[in-house]
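**Q** next input, structure requested:
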Amino acid sequence: MLMVFVYTGGLDLNQRLNDRLVIITGASSGIGEKMAYKVAESGGNLILLARRKDRLSAISERIEQKYHVFCQFYELDVRDFQMIEKTFSKILKDHERIDVLVNNAGMGIFRSVLESSLDEMEAMFEINVYGMIACTKMVLEKMIEQKEGHIINIASQAGKISTPKSSLYAATKHAVLGFTNSLRMEASTHSIFVTAVNPGPIKTDFFELADPSGKYVQNVSRYMLSSDDVAEKIVRIMMTNKRELNLPWWMEFGSVIYRIMPSLFERLAESAFHKK
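**A** Numbering: from 1, shown residues only. You can find the predicted model right below:
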């Protein structure tokens with residue numbers, strides 16, 4: 001059997017995304033919202049998913065008026081499997097193809113194991129892991145049928161370097177990376193790209209919940225990434241065979257050292273870790 005692999009990495013961004021359909025979860029703020037603008041600017045069509053319907057409505061209207069692309073939105077809580085099935089079934093019925101799914105919805109609470117509640121644990125796993133897997137399952141069959149597609153999972157450097165006061169959050173992001181790496185191998189035979197995005201801390205409202213005290217943000221403020229910059233880099237790799245996007249580059253260098261010499265790395269970085 002002759003297999004045709006579509007390589008799009010050499011194309012201009014506008015050519016790669018022009019008239020493509022991109023679905024983004026957690027699109028009502030942060031890098032999800034910023035990605036939506038970048039995709040629209042590149043000629044891509046959009047479906048935006050999040051819990052805050054009023055925010056999605058305003059973003060969708062702004063995009064259609066400014067960029068003249070299709071931008072639909074649905075209220076979606078990724079903790080609700082029935083809601084995921086209902087929403088994606090509607091999307092699949094209304095659209096012939098789905099080109100990109102960005103699993104961006106996520107949450108984190110930075111507390112030690114003893115300080116964290118089981119409800120917080122449940123919420124983080126339901127949003128960061130179970131919701132991501134459920135959304136992926138809903139589009140995967142369609143992408144296999146069309147023999148093309150790209151699934152982008154927003155993980156974290158916390159999935160590579162665990163630190164104190166983020167035990168449960170780090171556990172969810174390790175799970176995201178494990179799932180993504182396995183899915184990549186399963187999907188490769190169908191010409192579907194699977195990418196993990198591993199950013200460090202980003203300047204978004206994520207930390208309003210994760211770090212209500214503001215101490216962590218204060219300690220790492222000079223290292224925090226711009227949400228515009230992260231969104232642009234993610235959109236630039238859409239429909240390309242990129243295994244991982246690690247931001248910033250030096251943090252990924254740290255994770256490599258961590259994997260090679262974990263005990264030494266933990267001793268040397270202990271004081272910095274406890275600044276969280």
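**Q** can you pull the contacts of the residue nearest to residue 76 when sequence neighbours are not counted?
**A** Using Cβ to Cβ, 6 or more residues apart in numbering and skipping the chain neighbours, the partner closest in space to residue 76 is residue 49 (4.2 Å). Quick note: C-beta positions are derived from backbone N, CA and C, even for glycine. For residue 49, the set of contacting residues under the criterion of Cβ atoms under 8 Å, 6 or more residues apart in numbering consists of 23-27, 56, 73-76, 78, 87, 105.
**Q** from residue 169, how far off is the residue lying closest to residue 203 once chain neighbours are set aside?
**A** If you skip the residues right next to it in sequence, residue 203 has residue 224 as its closest partner in space, 4.9 Å away by Cβ to Cβ, 6+ apart. Using Cβ to Cβ, to the nearest Å, residue 224 is found at 17 Å from residue 169.
**Q** which of the two has more neighbours?
**A** Neighbour comparison, residue 224 and residue 169: the larger count goes to residue 169, with 26 against 16 (by other Cβ atoms under 10 Å).
**Q** who's in contact with that one?
**A** The contact partners of residue 169, by Cβ under 8 Å, 6+ apart, come to 108, 109, 110, 124, 128, 156, 158, 210.
**Q** so who does the fifth one touch?
**A** With contact set as Cβ under 8 Å, 6+ apart, residue 128 has these partners: 106, 107, 108, 169, 172, 173, 175, 176.
**Q** what ranges does the stretch 101-250 of the chain have for its helices?
**A** Defined through DSSP state H, counting those that start in this stretch, the helices belonging to the stretch 101-250 of the chain, from first to last, are 118-125, 131-146, 167-188, 206-210, 215-220, 227-236, 249-260.
**Q** and these, which one is worst for confidence?
**A** For those, the weakest mean pLDDT is recorded on helix 215-220, namely a mean of 58.
**Q** and residue 275, what pLDDT?
**A** The pLDDT attached to residue 275 in the predicted structure is 57.
**Q** with only the CA atoms kept, save stretch 56-71 in PDB.
**A** In PDB, the C-alpha atoms belonging to stretch 56-71 read as follows (Å, rounded to 0.1, in the frame of the first residue of the first chain):
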ATOM      1  CA  LEU A  56     -16.100  33.800  24.200                       C
ATOM      2  CA  SER A  57     -18.900  35.700  22.500                       C
ATOM      3  CA  ALA A  58     -16.900  39.000  22.700                       C
ATOM      4  CA  ILE A  59     -13.700  37.400  21.400                       C
ATOM      5  CA  SER A  60     -15.500  35.600  18.600                       C
ATOM      6  CA  GLU A  61     -17.200  38.900  17.500                       C
ATOM      7  CA  ARG A  62     -13.900  40.800  17.600                       C
ATOM      8  CA  ILE A  63     -12.200  38.100  15.500                       C
ATOM      9  CA  GLU A  64     -14.900  37.900  12.800                       C
ATOM     10  CA  GLN A  65     -15.000  41.700  12.500                       C
ATOM     11  CA  LYS A  66     -11.300  42.300  12.400                       C
ATOM     12  CA  TYR A  67     -10.000  39.200  10.500                       C
ATOM     13  CA  HIS A  68     -13.100  38.100   8.500                       C
ATOM     14  CA  VAL A  69     -12.700  34.500   9.300                       C
ATOM     15  CA  PHE A  70     -15.200  32.000  10.700                       C
ATOM     16  CA  CYS A  71     -15.100  31.900  14.500                       C
END
